[in-house]
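Trainee: one predicted model, sequence on top.
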Amino acid sequence: MIKYILRNKLIKYVALPIIALILLVVLGGGWYFSSVLEEDGLRVDNSDPENSVEVVDLGIDSITLRQLPDAAPQDILATSARWGISDGLNYGKLGDLLSDADGLVIRELDLVIGGFQIGDQLYLDRTAQPHEPSPAYEHEDVIIRGPLGNFGAWYLPLPSESIYASDPSDVWVIYVHGRTSNRDSTLKIFGSGGVPSLAIDYRNDLNAPPSESGYYDFGTTEWRDVEAAVQYALDNGAKKVILVGFSMGGGVVVNYQLRSD
């Protein structure tokens, strides 16, 4: 049979090369997409954001921006999507699109911290929220002991104006952020429940221990840090805990519910 295949010119010079080509395409495609998956889905990146826009002009409630020549295309600048802009110290929120012409984008601007100057180079922040809780929230920085080491959290005690203030609540809310973000991504609703709140880091975050794999594990290991946070809440007066997960944080929460004792 093998001798027949090798003697058959149609199979030898047409079919076998096609089969070999198909195998090369399959193997090459698998190698390429595995690299893409590792780079975009699994690899941890806690590097500082890169500046991508320059301030060209400032109005009373508006800002004119131009993309930096070396920056990746920022198509979101020309939409009314809500983004933050910052130089690492000052912070503002971009509002509605007012103009988009000749490479200049004018957006409404809500200054939150400090101020900008013409010529400042800024980065876009998808959180659209300063990276620390508002001074109106009398939060505490706390340390939680996890299975791989200590990690941080923001603890917000029961607000004095809470409806539960006269009868302290035994319910805590724990916020679990998603992939490629940090606990600051929870600030939009942090403390909004009127009960004690905890916004946590977990493994692979900037100031937390790395995972054993060195990659995001999409909840299969991170849930143990949520378990440590729940135990912290129970040790400090909580009797019931509500878990709120964002993006991959939802998977972390589900894994905790399925795996924790």
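Mentor: Thanks, I have it.

Trainee: any idea what the residue lying closest to Pro196 once chain neighbours are set aside is bridged to?
Mentor: Spatially, and ignoring its direct neighbours in sequence, Pro196 is nearest to Trp172 (4.7 Å; Cβ to Cβ, 6 or more residues apart in numbering). Placement of C-beta: from N, CA and C, glycine included. Per DSSP bridges, residues listed as beta-bridge partners of Trp172: Val241.

Trainee: wait, Trp172 touches Gly194, no?
Mentor: No. Trp172 is beyond contact range of Gly194, at 11.8 Å (criterion: Cβ atoms under 8 Å).

Trainee: who's more crowded, these two?
Mentor: A count of neighbours by other Cβ atoms under 10 Å puts Trp172 above the other of Trp172 and Gly194, at 26 against 16.

Trainee: distance check, that one against Leu77.
Mentor: Using Cβ to Cβ, to the nearest Å, one gets 39 Å for the distance from Trp172 to Leu77.

Trainee: do the same with Glu50
Mentor: Glu50 sits 15 Å away from Leu77, going by Cβ to Cβ.

Trainee: what residues are up against the residue nearest to Gly193 when sequence neighbours are not counted?
Mentor: In space, Gly193 comes closest to Val173 once its chain neighbours are excluded; the distance is 5.0 Å by Cβ to Cβ, 6+ apart. Contacts for Val173 (Cβ atoms under 8 Å, 6 or more residues apart in numbering) come out as Gly193, Val195, Pro196, Ser197, Leu198, Val241, Ile242, Leu243, Val244.

Trainee: just among the residues you listed, which is most surrounded?
Mentor: Going by other Cβ under 10 Å, Ser197 tops the contacts of Val173 with 28 neighbours.

Trainee: ok, and the closest non-adjacent residue to it?
Mentor: Once flanking residues are discounted, Ser197 sits nearest to Leu156: 4.3 Å by Cβ to Cβ, 6+ apart.

Trainee: equivalent analysis for Thr221, please.
Mentor: Distance criterion Cβ to Cβ, 6+ apart; nearest residue to Thr221, sequence neighbours excluded, is Ser211 at 5.8 Å.

Trainee: what sits against that neighbour?
Mentor: When contacts are counted by Cβ under 8 Å, 6+ apart, Ser211 touches Val44, Leu148, Arg203, Asn204, Asp217, Thr221, Glu222.

Trainee: so which residues make contact with stretch 60-74?
Mentor: Contacts to stretch 60-74, defined as Cβ under 8 Å, 6+ apart, come from residues 50-58, 77, 85, 92, 94, 98, 103-110, 116, 121-122, 124.

Trainee: how about the strands in the stretch 151-261 of the chain?
Mentor: For the stretch 151-261 of the chain, applying DSSP state E, counting those that start in this stretch gives strands covering 171-176, 197-200, 240-245.

Trainee: as PDB, could you dump the C-alpha coordinates of the first one?
Mentor: Right, the one you point to is strand 171-176. Taking C-alpha atoms only, strand 171-176 is exported to PDB below (Å, rounded to 0.1, in the frame of the first residue of the first chain):
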ATOM      1  CA  VAL A 171     -23.300  42.900  56.100                       C
ATOM      2  CA  TRP A 172     -20.100  43.700  54.300                       C
ATOM      3  CA  VAL A 173     -19.600  44.200  50.500                       C
ATOM      4  CA  ILE A 174     -16.300  43.000  49.000                       C
ATOM      5  CA  TYR A 175     -15.400  44.300  45.500                       C
ATOM      6  CA  VAL A 176     -13.300  42.200  43.200                       C
END
